[in-house]
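>>> quick check, what structure comes out for this input:
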Amino acid sequence: MRRAAVAALAAAATLLTVPNQAQARDCPDAVGAQAAIVIEASTGTVVCQRQADKRLSIGSATKLMTALVTLEKAKMSETFTASDYRPAPIESQIRLLPGERMKVSDLMRGLLLESGNDAAVTLAEGVSGSRKAFIREMNRRARELELENTHFANPIGLDQEGNYSSARDLVLLAKVLREYTFFNKIVDSPSGTLKTGDHPRTFRNRNKLVARYPWVNGVKTGHTRGAGYVLVGSGSRNGIQLISAVLGTPSEAARDNDTMALLNWAIPKFQRVRAVVEGKTMATAQIRDRQGATLKLAPDRTVRRIIERGKRDEITTTVQAPDVVEGPIRSGQRLGRVEVRQAGTLVATVALVAKSAVPAPTPAQKAKTWAARPWVIGGIGVVLIATVLLVSRRARTSRRRPSRREARAAS
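Okay, the predicted model is just below:
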């Protein structure tokens, strides 16, 4: 069920992104990466892109999918036995010993902080039983997430035919991963300690931007001879979350500079606004049986949205509330709703609740209301008129009719 929810989220992100692709500008000249992209995470808005759909080697950014499959398939409290994979000395590793047992949570730390290849293979075999089965799962998830320019040949990211992705696919994959609090905590840590296994291990985050800039909060580096230097980055400021990717840069410094150029360039282009404010009156209803009295209705929570600067009118609200209400009503009782749309798409529905309590009407109030109804007043008027006419008619009749004495005299 969790995986289905994440897949739906990713599909929604893709749909949100598509309308903006044609409008997205090229990335600034200061960004020298072969391929680059930066998006605003909540809306999927593409701020800029350069060859964002080009298939390229991605190095250890591959491990983002390794992490996602593990998060979906394994419990972090499980313990896996180290794989018999023996990385070459040049490969990044956490130096697992033969037969060593380590919790999945620590293997994930080793995967995402130190980019350990031995951690990646141990997770793959522990989750799916074999590397081949795990790779099939990686590619299946890529298809489900509609990562059209992504394919995996190993869970590590070594240069190999059939192991590639694109800048756009990587930011969408990172967007899905950011739904996991555990993942966010790891990639936003300057360092981490693996406490299980044969002995504790402490590693610094290979993404040095996390330690250097407080507002940078992820995500994953990658490097091979074929991929060059790769970084899927992210940063959050004033509630605005950006996700970037740079591929094919010539050095670690260039990779970091390009990432910061994208994030710094994109962040001022957005603002966070309150579309609906908790407690602010948005509708008023008349109270039945209490003439002239009204009840104020207000949202029960605040909705904040990220918009591009100058596009506040993209946020619209529709209020659905009753015209008349009748007690008893408790304070906070739901009586209507507010629909929030952004660029025509429904993004939130908020309950409208009573700002105060309304007691049940008394018999006297009900009688007064009943008496004040038009048909009652009209009915009473008709009766009065009829009574007056009847009395007048009887009076005229009695004046015309002769008395008995007059009748005898006439005879």
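>>> show me the contact partners of the one helix or strand Asp106 maps to.
Assigned by DSSP states H and E, Asp106 belongs to helix 104-112. Residues outside helix 104-112 that contact it (CB atoms under 8 Å, 6 or more residues apart in numbering): 63, 66-67, 70-71, 74-80, 94, 116, 119-120, 122-123, 126, 182-183, 186-187, 192-197, 201, 203, 220. For the C-beta atoms, the positions are set from N, CA and C on the backbone; glycine is no exception.
>>> I'd like to know how many residues surround Gly157.
Number of residues near Gly157 (other CB atoms under 10 Å) recorded here: 30.
>>> ok, Leu263 next?
23.
>>> residues contacting it?
Going by CB under 8 Å, 6+ apart, Leu263 touches Val38, Val216, Gly233, Gly235, Leu242, Ser244.
>>> where does this protein dip in pLDDT?
Within the chain, the stretches with pLDDT under 70 are 1-24, 365-381, 383, 395, 397-411.
>>> what's the domain layout of it?
Residue ranges for the domains of the chain, per automatic domain parsing: 2-264, 277-388.
>>> show me where the stretch 1-150 of the chain has helices.
2-21, 63-73, 104-112, 117-128, 131-144 (DSSP state H, counting those that start in this stretch).
>>> show me how far the last one is from its chain's centre.
I take that to be helix 131-144. How far helix 131-144 lies from its chain's middle: 26 Å, per CA atoms, centre = their mean, to the nearest Å.
>>> and the helices in the stretch 151-300 of the chain, which stretches?
Secondary structure of the stretch 151-300 of the chain, counting by DSSP H, counting those that start in this stretch: helices at 167-177, 181-187, 209-212, 252-266.
>>> quick one: contacts of stretch 295-302?
The contact list for stretch 295-302 (CB under 8 Å, 6+ apart) reads 274, 276-287, 321, 325, 329, 332, 334-336, 338, 350-356, 358.
>>> swap that for stretch 203-220, please
60-61, 63-64, 92, 94, 109-110, 112-115, 174, 177-178, 184, 187-194, 221, 231-237, 243, 256, 259-260, 263.
>>> rerun at 7 Å
For stretch 203-220, the surrounding residues in contact (CB atoms under 7 Å, 6 or more residues apart in numbering) are 60-61, 63-64, 110, 112-115, 174, 187-192, 221, 231-237, 256, 259-260.
>>> which members of those are classed as buried?
60-61, 63-64, 110, 112-115, 174, 187-189, 192, 221, 231-237, 256, 259-260 (16 or more other CB atoms under 10 Å).
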